[in-house]
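Engineer: Starting from these lines, generate the structure:
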Amino acid sequence: MSKRKRPDSKVTALSMTEQEKILYNLIQSKQDLGIWSLDIKRETSLPDNVVDKSLKSLCSKLLIKEVVNLQFKGRKHFLASEFEPSSEITGGKWYSDQGFLEVETEFTNFLKDQCLKHIRNLKIATVDMVADAVRRSRVLKIDCSSQEIGDIVRALVLDNDVIEMRSNGLGEFAPLPIGRMCYKCRRSPDATKDPTVGAMASTPCGVCPRIAHCTPGGIISPMTCEYYSKWLDF
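Structural biologist: Okay, here's the model as predicted:
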């Protein structure tokens, strides 16, 4: 986690109204992940006009800053000034506010192709599995960390080339721990670019909002799911 020197707490407290203190403490508690303005309003229950005015004041005092959230560019996302946004927010080293860094375009496109190829070969893969496959292929002259490969894989998700899902420990997910985030190609190399439904999305699990909480023997379980049973019978 990247962190700058924390503002003097006494000076900070004296410069803020009570409402600003509430907002500042909430934003600071989110550390390098920050928080969306709508979530600030929900969590503080303060009137919208008070929140908007307080956020503007905190920004002018350089106590917080507005940052670009790569996945939700239209949202106002705030971070305490002492923190640098995490790669989940910025997209990592490969991104600028406008997308992939122009100076890295050729290399990142090559890396995206490599990651896509290995995900296709592995059928279903975690970021670590993809990173390991890229390293073993020895096609790169530099070493990329698993986190950097993860940024590329998530870019493939945004490009609609790869599906992100969590393992339920069944069928094709059997080799992976339950709940582990994994990735699968959305289309074959010969498929057209027209939107298609991924294999996972065609199952009840693919559209289930509770998939992250689904475990064998749990309250939510494939063994007791009527939708999954009907799908298997079909």
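Engineer: tell me the secondary structure for residue 184?
Structural biologist: Classification of residue 184 using DSSP: H, G, I helix; E, B strand; the rest coil returns strand.
Engineer: Quick check: bridge partners of it?
Structural biologist: Note on residue 184: beta-bridge partners residue 163, judged by DSSP bridges.
Engineer: which SS state does residue 111 fall under?
Structural biologist: Applying three-state DSSP: residue 111 is helix.
Engineer: gap between it and residue 155?
Structural biologist: Per CB to CB, to the nearest Å, residue 111 is found 9 Å from residue 155. Where you see a C-beta, it was placed from the backbone N, CA and C, and this is true even at glycine.
Engineer: next one: residue 169
Structural biologist: Relative to residue 155, and taking CB to CB, residue 169 is found at 27 Å.
Engineer: Among those two, which residue is more densely surrounded?
Structural biologist: Between residue 169 and residue 155, residue 155 has the larger neighbour count (other CB atoms under 10 Å), namely 22 against 17.
Engineer: This protein: helices as residue ranges?
Structural biologist: With helices called from DSSP state H, the chain shows them at 9-14, 18-29, 37-44, 48-60, 87-90, 105-122, 127-137, 146-158, 204-207, 226-233.
Engineer: what angle sits between the third one and helix 18-29?
Structural biologist: Relative orientation of helix 37-44 and helix 18-29, computed by axes from the mean of the first three to the mean of the last three CA atoms, to 10 degrees: 110 degrees.
Engineer: rounded to a whole number, what's the mean pLDDT of helix 37-44?
Structural biologist: Per-residue pLDDT over helix 37-44 has a mean of 93.
Engineer: cool, and the second one?
Structural biologist: Per-residue confidence for helix 18-29 averages out to 94 on the pLDDT scale.
Engineer: What residues of that helix count as buried?
Structural biologist: Neighbour counts using 16 or more other CB atoms under 10 Å place 19-20, 22-24, 26-28 of helix 18-29 among the buried residues.
Engineer: hmm, who's touching that helix?
Structural biologist: Outside helix 18-29, the residues that touch it by CB atoms under 8 Å, 6 or more residues apart in numbering are 12-13, 16, 34-35, 40, 43-44, 46, 50-51, 54-55, 57-58, 63-64, 78-80, 82.
Engineer: now do the third one
Structural biologist: The contact list for helix 37-44, computed with CB under 8 Å, 6+ apart, reads 22-23, 26-27, 35, 48, 51, 55, 75-78.
Engineer: quick check, nearest of those to residue 145?
Structural biologist: residue 77 (24.9 Å; CB to CB).
Engineer: That closest one pairs with what?
Structural biologist: Applying DSSP bridges, one finds that residue 77 bridges with residue 36, residue 67.
Engineer: what's the burial count for it?
Structural biologist: Neighbours of residue 77 (other CB under 10 Å): 23.
Engineer: That one contacts residue 64, correct?
Structural biologist: No - counting by CB atoms under 8 Å, residue 64 is not a contact partner of residue 77; they are 10.5 Å apart.
Engineer: Show the low-confidence segments of this structure, by residue range.
Structural biologist: For the chain, applying pLDDT under 70 flags the ranges 1-13, 70-71, 73, 87-88, 90-105, 187-213, 217-219, 226-234.
Engineer: how does it look with 90?
Structural biologist: 1-16, 32-33, 67-76, 83-112, 135-160, 167-179, 186-234 (pLDDT under 90).
Engineer: With that, I have no additional questions.
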